[in-house]
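Enquirer: any chance you could fold what I've pasted below:
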Amino acid sequence: MKVKFQFNSKSSGASVPQAKYIAKQCGGFVEDNIYIIDFEDPQDKNIEKLYKLVGNLRGTIIDVKS
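Expert: So this is what the prediction gives:
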């Protein structure tokens with residue numbers, strides 16, 4: 001199972017800088033102002049961290065594929 005986490009890198013939310021840092025550490029990249037992070041392990045603790053930081057922002061998408 002794979003998880004793709006996306007959030008707006010230009011958002012002005014207070015927790016976005018920390019989310020960007022985590023995204024970079026996880027091999028995330030920016031495409032059209034959207035941070036995209038692909039996780040091979042749905043149990044990765046960084047998914048939960050990102051969700052807590054930017055999960056409520058407009059444009060955040062979490063896509064789970066088997």
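
Enquirer: residues near the closest residue in space to Asn33 that isn't next to it in sequence, how many?
Expert: Nearest residue to Asn33, sequence neighbours excluded (CB to CB, 6 or more residues apart in numbering): Lys10, at 4.8 Å. In short, each C-beta sits where N, CA and C put it, glycine included. Around Lys10 there are 11 other residues, counting by other CB atoms under 10 Å.

Enquirer: so Lys10 sits in a helix?
Expert: No: note on Lys10: no helix contains this position according to DSSP: H, G, I helix; E, B strand; the rest coil, which reports coil.

Enquirer: distance of Lys45 from Gly59?
Expert: Going from Lys45 to Gly59 by CB to CB, to the nearest Å gives 23 Å.

Enquirer: what about these two, which has more around it?
Expert: Remark: of Lys45 and Gly59, Gly59 carries more neighbours, 13 against 9, as counted by other CB under 10 Å.

Enquirer: need the pLDDT of the more buried one.
Expert: Note for Gly59: predicted pLDDT of 92.

Enquirer: for Lys24, same thing?
Expert: 97.

Enquirer: and what of Ser66?
Expert: On the pLDDT scale, Ser66 gets 89.

Enquirer: so it sits against Val3, correct?
Expert: No: Ser66 is beyond contact range of Val3, at 10.7 Å (criterion: CB atoms under 8 Å).

Enquirer: next, the buried residues of stretch 39-58.
Expert: For stretch 39-58, a neighbour-count test (16 or more other CB atoms under 10 Å) marks Phe39, Asn46, Ile47, Lys49, Leu50, Leu53, Val54, Gly55 as buried.
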